[in-house]
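A.B. asks: Generate coordinates for the sequence data below:
(chains A and B)
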Amino acid sequence: MTLGMPSVPLTVLVLIGVGSPTLLLAALGAASMVNRPLPERWTGLLAASSMAVACAALLVAFAVYGITRPGTQLLSYGAWSTSHEGGIAIEFLVDRLSLAFAALSTAIAGVVSAFSSRYLHRESGYNRYFVLLAMFVVGMLLVALAGNVAVLFMGWELVGLSSALLVGFFHERPAAVSNAFRVISVYRISDAALLSAAVLLRHVAGTGSLSLLFGGSAASATTLSATNATFIAVLLIVAVGCKSALLPVSSWLPRAMEGPTPSSAVYYGSLSIHAGCFLLLRAAPLLEQAPAARLLAGVLGATTAVFAGITTRVQSDVKSSLAYASLTQVGLIVVEIAIGWYTIAFIHLAGHACFRLLQFLSAPNVLHDLHGLEEAMRDHSPAGRRTWTILMSDRARHRLFLLALERGFLDSTLDRIVVEPFHRGARLLARVDEWLCGAVLPSRRPAPSDGGDRDE
Amino acid sequence: MNEALVWLAALVALPGVVIISSFLRIGAEPLRRLAVTSAIAMVVASLLVVISPPLRNFSIQTSLLTSMPGGEEVIRVDTLSAALLPFTAGLWLLTVAVTPRASLDRRGMRRTALATLITLASFLTESAVVLLALSLVSVWTFLAALSDPAHRHQRRVVAVYLGVSTLLFAIGVAMLVSPGVQNTTLETVALWCIVVAALMRKGIVPFHAWVPEVFDHGRLGPAILFNAPQVGAYITVVLIVPRASAEMLRIIALLALGTAVYGAALALVQTSARRACGYLFMSQSALVMAGLDCTSVTALAGGLLVWLSAGLAFAGLARCVLVLEARRGRLDLTTYHGGYERMPVLAISFLAMGLACTGFPGTLGFVGQELLVDGAVDMFPVMGFAVVIASALTGLAVLRMYFSLFCGRPEALAHPSLRLGLQPREAWTFVALVTVLIGLGIAPRPLVDSRFDASEEILRLRRERISHQLPGGPSRSPKVHASLVR
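C.D. replies: Residues are numbered from 1 along each chain as shown, chains lettered A, B, ... in the order given. Next comes the predicted model:
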């Protein structure tokens, strides 16, 4: 990939696009920090105008890019550090794909922001919601435009944290909080996989620049051997799989529905769940060098699509059903990327994000109109013999139904093979530590009573 | 030179005033006000030292305490130590400003000021003998804080671990300053003694068991003040890094990386908030140690940055736990305690400081960890992966604590008139600390540049010492030379 000379209008427009939600985050975050939240009206107005400015700037940038066709550009906005051995630069890689996804993200966030300002009227966490939404938008923009691994990782982490905190938005409900922890646990695996890919990239190629991964140039082909490319691609697929709820970690997705409906819409209906697909699209040149990783992505995508397609049919609440329906499409998008249909994959991604957003946002109204889910199912349940009844025996269908109803038993399986052994091992080590101290003085005095410890 | 001496005297005098005042008949609350004022003045004065080049290039050399030709700098302010001065002052300010009123007494305030003075003096010297003397006093101060009968067990545990550490340090220093020890096996033995002493003091596996014990069942306040400045890291930078062989540094780094992952994993499954803090501290402190033992400028600069960010963030996090304990008693992590709505500032501060510990984007920790991974990955790729795993686990541990301590249905108040919110003094201290961590995370350039300068200086010293050693050394091959210099 040849990087063109940075164009001044693009540099300014992208700065406005990213800067606007960043300023919103700073303003609302500072108000929350000192416990002086702005009035609802101001918060809503600020959020909507900030998203509108960002969206307009990025749309104009997209248009300018389309008209001038300057080629892929690496826009630099300074650095956090520089040294002769490397440094952390604030760089954005701008091309048609990144600008389109960034503009789409701000447009969707703007719609959700306008919807939320009414939906969450008089909710006690109103300001907190908009802080997290702003954090999410900044994160998505950084993921979309990242020019190096540090910026990409920043975005990835911001999206993950805001997502988990919004799942636990109604934090007085224990279920919401424990589900938020579950979600962030999977996201941390995603973060670790992404950062490991970056570490490996730096080790084998000596750079953290994403133009090497996303470029598909002769330079990248020669720098990365097939084995290295495969390892990095597999780590990226793990990161994407966790972020986009592909098998075998899909079970966090219905848990994430505990958050407010607008946040479910923007995260698990339209944007966050597609962030992984977008990263795969960006990394398509790398995937082309790693056929085994590509096959892995295809298999994961296809199995996830089939699993989610079946599971969505038996869910007993609208949000879970929609979440699995989203996952079906995400699986298909991953398959399209694995096959190499990049343009179709992006169109599918953008179309699906908008369509699912609409479905999620209208779900509360549908429920209200139909006076609850049971009535909704009674009125819309399929009648007569369907394909499944012809193809499968009653017993097989019953088993498939149970499997879908229990969401593939993924939660309990992961608990059994990952969480419990980890807990057992760590507790054993903790007991060894306590024993080591006990060996110094076997008779332990009771711990100080509640609040009785005087600490200076 | 005189001006620098005056500034240093002023810095030392500020905690000195509090120590002297604590012997007078002053109530605990007025003494706290004096301590807070002194700490603020110390922060401002030390920041002036940082930004003023003539003040931060000052040293007093003597050959009284060493056999090294040319002597050593018994008092010095350089790029490395300049940034550690406001760091120490900040920790003191945090301690005196957020100590709950019920826990306030004159002896405690005196001990806090004395601990600050010892830390400050430690960061102002490169003399092994002076560092040993200060180390002895600081361990004694820490033991004095555990002198009540309720903490007898912890006192004994600390006495055993830190006693052995100080003894080894003393043996190592005695051998190191003896005449004719350079380039001999004795110097290697001396260095190993100092290395083990530093590892014990920093709670690196397998010398770590005292840390979670003292955090959990000991007194959290003194434990924070003793551990957060990480004097063990300073001993490593000043005494070990310039002299140790590449193999020695590699072994230390591997132990430290193992500890970083171990501490983070164990923090995740603890049922006590205090014990989880202990393991978090182990993990963070080990990351600093791993960075310091890399002979790459970038990784070393990253380690120096993580030292500052993790020290401040961790101290703030643990102080949040203490503030909560003052209102709720001992904190159990197996249930949800609620209380976000009552103390949103504390909840947000806790989360922000916890995330700064984990190197979350937008905080100073992010830049430090990025540099650490960036610099170490070429020569030591396993470090990159270990930092990634430790960071992921630490993040989870912090979020688990946050969810448990601030989310869920709030516990009923004993009486409706009871107020559990933060005092303005506490709230503003936490807000200021978070602002520093985020501000330096967004605009870290001056601090990062100064850490690069310090890192280059340390490695230059190392190169000079090794190239000095080689001609007189016992038949070292060019291959050994290359490995040492690297």
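
A.B. asks: can you tell me which helix in chain B is longest?
C.D. replies: Ranked by number of residues, the top helix in chain B under DSSP state H is helix B:297-328.

A.B. asks: and the helix or strand following that one, which residues are buried?
C.D. replies: Next in sequence after helix B:297-328, counting helices and strands by DSSP states H and E, comes helix B:344-358. Neighbour counts over helix B:344-358 (16 or more other C-beta atoms under 10 Å in any protein chain shown) mark B:344-358 as buried. Where you see a C-beta, it was placed from the backbone N, CA and C, and this is true even at glycine.

A.B. asks: same for chain A: which of these are within range?
C.D. replies: B:Pro344, B:Val345, B:Ile348, B:Ser349, B:Ala352, B:Leu355 (C-beta under 8 Å from any C-beta of the partner chain).

A.B. asks: Now pLDDT too, for these, in a markdown table please.
C.D. replies: As requested, these are exported to a markdown table (pLDDT from 0 to 100):
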| residue | pLDDT |
| --- | --- |
| B:Pro344 | 88 |
| B:Val345 | 90 |
| B:Ile348 | 92 |
| B:Ser349 | 93 |
| B:Ala352 | 93 |
| B:Leu355 | 92 |
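
A.B. asks: and the biggest helix by length in chain A, anywhere near chain B?
C.D. replies: Counting by DSSP H, the longest helix found in chain A is helix A:174-205. Yes: Helix A:174-205 is in contact with chain B by C-beta under 8 Å from any C-beta, via A:174, A:177-178, A:180-181, A:184-185, A:188-189, A:191-192, A:195-196, A:199-200, A:202-203.

A.B. asks: before we move on, the earlier item: output the ones next to chain A among the buried residues of helix B:344-358 in a markdown table; the columns should cover distance to B:Ser103.
C.D. replies: As requested, those are exported to a markdown table (distance: C-beta to C-beta, whole Å):
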| residue | distance to B:Ser103 |
| --- | --- |
| B:Pro344 | 24 |
| B:Val345 | 20 |
| B:Ile348 | 24 |
| B:Ser349 | 19 |
| B:Ala352 | 24 |
| B:Leu355 | 27 |
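
A.B. asks: out of those, which one sits closest to B:Leu437?
C.D. replies: Closest to B:Leu437 out of those is B:Ala352 (6.8 Å), distances taken as C-beta to C-beta.

A.B. asks: just the strands in the stretch 51-200 of chain A please.
C.D. replies: A:73-83, A:86-94 (DSSP state E, counting those that start in this stretch).

A.B. asks: Below-threshold pLDDT in chain B: ranges please.
C.D. replies: B:1, B:64-71, B:379, B:412-420, B:468-486 (pLDDT under 70).

A.B. asks: do chain A as well
C.D. replies: If you take pLDDT under 70 as the line, chain A has these spans: A:1-6, A:81-87, A:207-209, A:211-223, A:367, A:370-386, A:388, A:439-456.

A.B. asks: Which parts of it belong to which domain?
C.D. replies: For chain A, automatic domain parsing gives the domain ranges A:8-370, A:409-438.

A.B. asks: which of these is buried the deepest?
C.D. replies: Of all the domains of chain A, domain A:8-370 has the most neighbours on average by mean count of other C-beta atoms under 10 Å in any protein chain shown, namely a mean of 21.

A.B. asks: so how far is it off the chain centroid?
C.D. replies: 5 Å (C-alpha atoms, centre = their mean, to the nearest Å).

A.B. asks: Residue numbers of the stretch 51-200 of chain A in contact with chain B?
C.D. replies: A:79-81, A:83-88, A:124, A:150, A:153-154, A:157-158, A:161, A:164, A:168, A:171-172, A:174, A:177-178, A:180-181, A:184-185, A:188-189, A:191-192, A:195-196, A:199-200.

A.B. asks: thinking again about what came up before, got the domains of chain A as a markdown table, with distance to B:Arg275 columns?
C.D. replies: Listed next are the domains of chain A as a markdown table, based on distance: least, C-beta to C-beta, whole Å:
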| stretch | distance to B:Arg275 |
| --- | --- |
| domain A:8-370 | 19 |
| domain A:409-438 | 8 |
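
A.B. asks: So which of these is nearest B:Ala89?
C.D. replies: So among the domains of chain A, domain A:8-370 is nearest, using C-beta to C-beta, at 22.9 Å.

A.B. asks: so B:Arg201 sits right up against B:Leu162, yeah?
C.D. replies: Yes: the pair B:Arg201 / B:Leu162 is scored as a contact, 6.7 Å apart, by C-beta atoms under 8 Å.

A.B. asks: more crowded one of the two?
C.D. replies: B:Arg201 (29 against 24; other C-beta atoms under 10 Å in any protein chain shown).

A.B. asks: so who does that one touch?
C.D. replies: Applying C-beta atoms under 8 Å, 6 or more residues apart in numbering or on different chains, we find B:Arg201 in contact with B:Ser135, B:Leu162, B:Ser165, B:Val231, B:Gly232, B:Ile235.

A.B. asks: For it, give its distance to A:Pro248.
C.D. replies: 44 Å (C-beta to C-beta, to the nearest Å).

A.B. asks: ok, now B:Pro361?
C.D. replies: Per C-beta to C-beta, B:Pro361 is found 28 Å from A:Pro248.

A.B. asks: Same check on B:Glu456?
C.D. replies: 47 Å.

A.B. asks: Same check on A:Leu58?
C.D. replies: On the measure of C-beta to C-beta, A:Leu58 and A:Pro248 end up 36 Å apart.

A.B. asks: do A:Phe101 as well
C.D. replies: 27 Å.

A.B. asks: do the same with B:Thr335
C.D. replies: 30 Å.

A.B. asks: Repeat that for B:Leu355.
C.D. replies: 28 Å.

A.B. asks: try A:Ala144
C.D. replies: For A:Ala144, the distance to A:Pro248 - C-beta to C-beta - is 27 Å.

A.B. asks: which ones are touching the residue nearest to A:Ser251 when sequence neighbours are not counted?
C.D. replies: Closest residue to A:Ser251 apart from its sequence neighbours, by C-beta to C-beta, 6 or more residues apart in numbering or on different chains: A:Leu410 at 3.9 Å. Neighbouring residues of A:Leu410 by C-beta under 8 Å, 6+ apart: A:Leu247, A:Pro248, A:Val249, A:Ser250, A:Ser251.

A.B. asks: shouldn't the fourth one be in contact with A:Thr304?
C.D. replies: Put plainly, it is A:Ser250. Yes: assessed by C-beta under 8 Å, A:Ser250 is found in contact with A:Thr304 at 6.5 Å.

A.B. asks: joint contacts of these two?
C.D. replies: A:Leu327.

A.B. asks: mind saving the C-alpha coords of stretch B:207-214 as PDB?
C.D. replies: This file holds the C-alpha atoms of stretch B:207-214, laid out as PDB (Å, rounded to 0.1, in the frame of the first residue of the first chain):
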ATOM      1  CA  PHE B 207       9.300 -13.900  48.700                       C
ATOM      2  CA  HIS B 208       5.800 -12.400  48.600                       C
ATOM      3  CA  ALA B 209       3.600 -14.000  51.300                       C
ATOM      4  CA  TRP B 210       3.900 -11.100  53.700                       C
ATOM      5  CA  VAL B 211       2.300  -8.600  51.300                       C
ATOM      6  CA  PRO B 212      -1.300 -10.100  51.100                       C
ATOM      7  CA  GLU B 213      -1.100 -11.000  54.800                       C
ATOM      8  CA  VAL B 214      -0.200  -7.500  56.000                       C
END
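
A.B. asks: now what about that stretch, what contacts it?
C.D. replies: A:430, A:433-434, A:436-437, B:146, B:154, B:157-158, B:160-162, B:165, B:196, B:199-200, B:203, B:223, B:227, B:259, B:262-263, B:266, B:275, B:278-279, B:281-282.

A.B. asks: In the stretch 301-450 of chain B, which residue sits nearest chain A?
C.D. replies: B:Gly329 (2.9 Å; C-beta to the nearest C-beta).

A.B. asks: how close does that residue sit to B:Gly316?
C.D. replies: For B:Gly329 relative to B:Gly316 (C-beta to C-beta), the value is 21 Å.

A.B. asks: Could you do B:Val269 as well?
C.D. replies: 23 Å.

A.B. asks: Comparing the two, which shows the higher neighbour count?
C.D. replies: More crowded of B:Val269 and B:Gly316, by other C-beta under 10 Å: B:Gly316, with 29 against 19.
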